[in-house]
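Trainee: Following is a predicted model, sequence given first.
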Amino acid sequence: MPPQSFSRLPGFRDFVPGELALRNHVFETWRRVSTRYGFHEYDGPPLEPLGLYVEKSGEEIVEQLYNFDDKGGRPVALRPEMTPTLARILAERSRGMPKPIRWFSLPQLFRYERSQRGRLREHFQLNVDIVGESGVAADAEVLAVAVDAVRGLGLGEDDFVARVNDRRLVTRVLTALGVAADRHQDCLAVIDKASRAGADATDAKLRALGLDEVATETLGGLIADGTWEHMSQRFARAPSVLEAMRPLAEHRAILDAMGLGGYVEFDFTVVRGLAYYTGIVFELFDRAGELRAICGGGRYDRLLELVGGEPLPAVGFGMGDVVLAELLRDRGLVPPEAPACDCWIVWVGDGERDLGMSLAHRLRASGYRVMYSLRPQGLGKQLKAANRAGAAYAVIIGPDEAASASATVRDLNTGIQDTRPIESLIESGLAGDHGIAAGSGTSPSLRGGRPEQEEA
RNA sequence: GUGGGCGUAGCUCAGUCGGUUAGAGCGCCGGAUUGUGGUUCCGGAGGUCGCCGGUUCGAAUCCGGUCGCCCACCCCA
């Protein structure tokens, strides 16, 4: 035992190769999908002025932040979300940029709170935003990215769903029910928590906010059955509410046209906790309802103005890696770990070692991932190691091969082997002209890559 | 920050009423095998029973504290 042992900080993760492979798999999918929609990747500092968050969310958020004073006495915080950073960056430089701005980022985010399933003190998040476009097509576009980012990992309609709502619609409903405007924010908070709090507690909270019997009952009904049909029927004679349903209808029509309608459901209880949302909001959930939200986002048309930028409408989302990884594990969608080796060099005696080193280096130079035993071992041992490393080929050099400047290439999947001149190995590759374990024509460096899971 | 559950080998776990030297499977290392891998067989290493304290002749086991993990709350980015 060392005199002192250091453990991980609570809520933080180590990424050993197997786990980093999953993280990279998720990142690669996120990047592939985001760039497919024409988004540009950006990043910002992981440390920001504390005020950037306090300004927008109030003093109580400090309790949830990793914050401290730096050596210059500046109050700072590890970023808990990316949107304020994006707003800050764009406030400085959006004026000269062509609109709409399509940016995405994969920041590591931090919060100081007790960790639980799907919620750590550190996580990575895909952030995708469109800034400078107020039309509902931008809302649909962003949601499509979110859906495809999850689909790209192999999850389908049976696995997850996007629940969509519109804050303006909820506001209209509240107004139609006679709820005073200064109570709207509080009502949103109650609706947000309704599914966890239960019907009775929710009713009690609404009454406590001064809502009358009809308003409480109506909201309770919408919370219990927050479907589009229910809304339409209940407010059939309230033109202001019907009008407020139009953007969502168009939003839905666009996603239907994309073929993503099966992933989208209206849900009156999705309002999002953050104060800065102003329009359509959404969350992605696993269908089984076992996990917390995979993703959340919506429209925030005032935020850039609030941090001193030009007044630009914006819509975006954040999708965390933790819940998503849980879901992938549950559904058996974690790709098997790819071998790190294409070819294992085997030599029989000390006399062939230098030839082996030379060949190893030349094969590496041409893009193969090459390994060999770092200490003298018997032939059987070396092949065992080659097999364990997942190598596709073993290249064997013994006195016979050395004498003729050749090597024996053994296909470790089939056991077929063939002795060929070393120069020919370098020139035409290990598969050679014989089609041993016939490659698909990809370059050696791509061999052994993880199987892609392409959506249809 | 609050409440509850759980901490035994790298992993998953067993361990009787408090009783001798704490076990299994998997994994790891070595050997069977000095020109041919995967299977098999044999052997080995690895534990302060999370940590600290208490009760006891004796603690993995009982009690208290503490740390960590999990679950719920709070909060939700």
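Mentor: Received, thanks. Remember, it's a predicted structure, so these values are computed and weren't measured experimentally.

Trainee: How about the residues of the stretch 301-450 of chain A by RNA strand B?
Mentor: A:318, A:320, A:348, A:378-381, A:383-384, A:386-388, A:394, A:396, A:398-401, A:408, A:410, A:412-415, A:417 (C-beta under 7 Å from any atom of the strand). (C-beta placed from N, C-alpha, C; glycine too.)

Trainee: List only buried entries from those residues.
Mentor: Buried members of these, counted by 16 or more other C-beta atoms under 10 Å: A:318, A:320, A:348, A:383, A:386, A:394, A:396, A:398, A:401, A:408, A:410, A:412.

Trainee: for the residue of the stretch 251-400 of chain A found nearest RNA strand B, what are its contacts?
Mentor: Ranked by C-beta to the nearest atom of the strand, the top residue of the stretch 251-400 of chain A for proximity to RNA strand B is residue A:398, at 2.2 Å. Residues near residue A:398 by C-beta atoms under 8 Å, 6 or more residues apart in numbering: A:347-349, A:352, A:408.

Trainee: let's go with 6 Å and repeat that
Mentor: By C-beta atoms under 6 Å, 6 or more residues apart in numbering, the contact list for residue A:398 reads residue A:348.

Trainee: Give me the contact list for the strand or helix carrying residue A:148.
Mentor: Taking DSSP states H and E as the definition, residue A:148 sits inside helix A:136-151. Contact with helix A:136-151 is made by A:30, A:33, A:37, A:128, A:130, A:160, A:247, A:250-251, A:254-255, A:258, A:260, A:263, A:280, A:282, A:295, A:315, A:317, A:455, as judged by C-beta under 6 Å, 6+ apart.

Trainee: can you give me phi and psi for residue A:314?
Mentor: phi -150, psi 150 (degrees, to the nearest 10).

Trainee: go on, residue A:114?
Mentor: When read as degrees, to the nearest 10, the backbone of residue A:114 gives phi -70, psi 130.

Trainee: can you count the residues close to it?
Mentor: 8 (other C-beta atoms under 10 Å).

Trainee: ditto for residue A:317
Mentor: 25.

Trainee: For chain A, give me the ranges with low pLDDT.
Mentor: Along chain A, segments meeting pLDDT under 70 span A:1-6, A:55-62, A:274, A:433-456.

Trainee: quick check: domain ranges of it?
Mentor: Following automatic domain parsing, one gets these domains for chain A: A:17-330, A:343-446.

Trainee: residues from the stretch 151-300 of chain A in reach of RNA strand B?
Mentor: Counting by C-beta under 7 Å from any atom of the strand, the stretch 151-300 of chain A comes close to RNA strand B at A:189, A:192-193, A:196-197, A:272-274, A:292, A:296.

Trainee: Mind doing that once more with 10 Å?
Mentor: For the stretch 151-300 of chain A, the residues in contact with RNA strand B (C-beta under 10 Å from any atom of the strand) are A:189, A:192-193, A:195-198, A:201, A:271-277, A:281, A:283, A:290-293, A:295-298.

Trainee: Give me the contact status of the longest strand along chain A with RNA strand B.
Mentor: The strand that spans the most residues within chain A, counting by DSSP state E, is strand A:122-131. Yes. For strand A:122-131 and RNA strand B, the contact criterion (C-beta under 10 Å from any atom of the strand) is met by A:123, A:125, A:127.

Trainee: In JSON lines: the residues you listed, plus neighbour count.
Mentor: As requested, the residues of strand A:122-131 next to RNA strand B are exported to JSON lines (neighbours: other C-beta atoms under 10 Å):
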{"residue": "A:123", "neighbour count": "23"}
{"residue": "A:125", "neighbour count": "20"}
{"residue": "A:127", "neighbour count": "23"}
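
Trainee: Nearest to RNA strand B, out of those residues: which one, please.
Mentor: RNA strand B lies nearest to residue A:125 out of the residues of strand A:122-131 next to RNA strand B, by C-beta to the nearest atom of the strand, at 6.1 Å.

Trainee: about what we covered before: what about burial for the contacts of helix A:136-151, which qualify?
Mentor: Looks like the contacts of helix A:136-151 have A:30, A:33, A:37, A:128, A:130, A:160, A:247, A:251, A:254-255, A:258, A:260, A:263, A:280, A:282, A:295, A:315, A:317 buried, using 16+ other C-beta under 10 Å.

Trainee: on that earlier part again, mark which of the contacts of helix A:136-151 are part of helices, please.
Mentor: Within the contacts of helix A:136-151, residues falling in helices by DSSP state H are A:30, A:33, A:247, A:250-251, A:254-255, A:258.

Trainee: thinking again about what came up before, hey, which of the domains of chain A is tucked in deepest?
Mentor: domain A:17-330 (a mean of 18; mean count of other C-beta atoms under 10 Å).

Trainee: how about the residue of chain A positioned farthest from its centre, what does it touch?
Mentor: Among residues of chain A, the one most distant from the C-alpha centroid is residue A:403; the distance is 54.8 Å, by C-alpha atoms, centre = their mean. Applying C-beta under 6 Å, 6+ apart to residue A:403 gives no contacts.

Trainee: show me the contacts for residue A:78.
Mentor: If you count contacts by C-beta under 6 Å, 6+ apart, then residue A:78 has A:46, A:66, A:110 around it.

Trainee: any idea how far residue A:320 is from the second one?
Mentor: Meaning residue A:66. Distance of residue A:66 to residue A:320, computed by C-beta to C-beta, to the nearest Å: 16 Å.

Trainee: Next: the first one.
Mentor: In this structure, residue A:46 and residue A:320 are 16 Å apart, going by C-beta to C-beta.

Trainee: With residue A:401 instead?
Mentor: Distance from residue A:401 to residue A:320, by C-beta to C-beta: 54 Å.

Trainee: same check, this time on residue A:229
Mentor: Computed as C-beta to C-beta, the residue A:229 to residue A:320 distance reads 32 Å.

Trainee: repeat for residue A:89
Mentor: For residue A:89 relative to residue A:320 (C-beta to C-beta), the value is 21 Å.

Trainee: Where does the residue nearest to residue A:205 when sequence neighbours are not counted sit, in terms of helix or strand?
Mentor: Once flanking residues are discounted, residue A:205 sits nearest to residue A:190: 4.7 Å by C-beta to C-beta, 6 or more residues apart in numbering. Secondary structure assignment for residue A:190, by DSSP H and E: helix A:184-197.

Trainee: what packs against that helix?
Mentor: Judged by 3 or more C-beta pairs under 6 Å, 6 or more residues apart in numbering; DSSP states H and E, the packing partners of helix A:184-197 are helix A:167-176, helix A:199-208.
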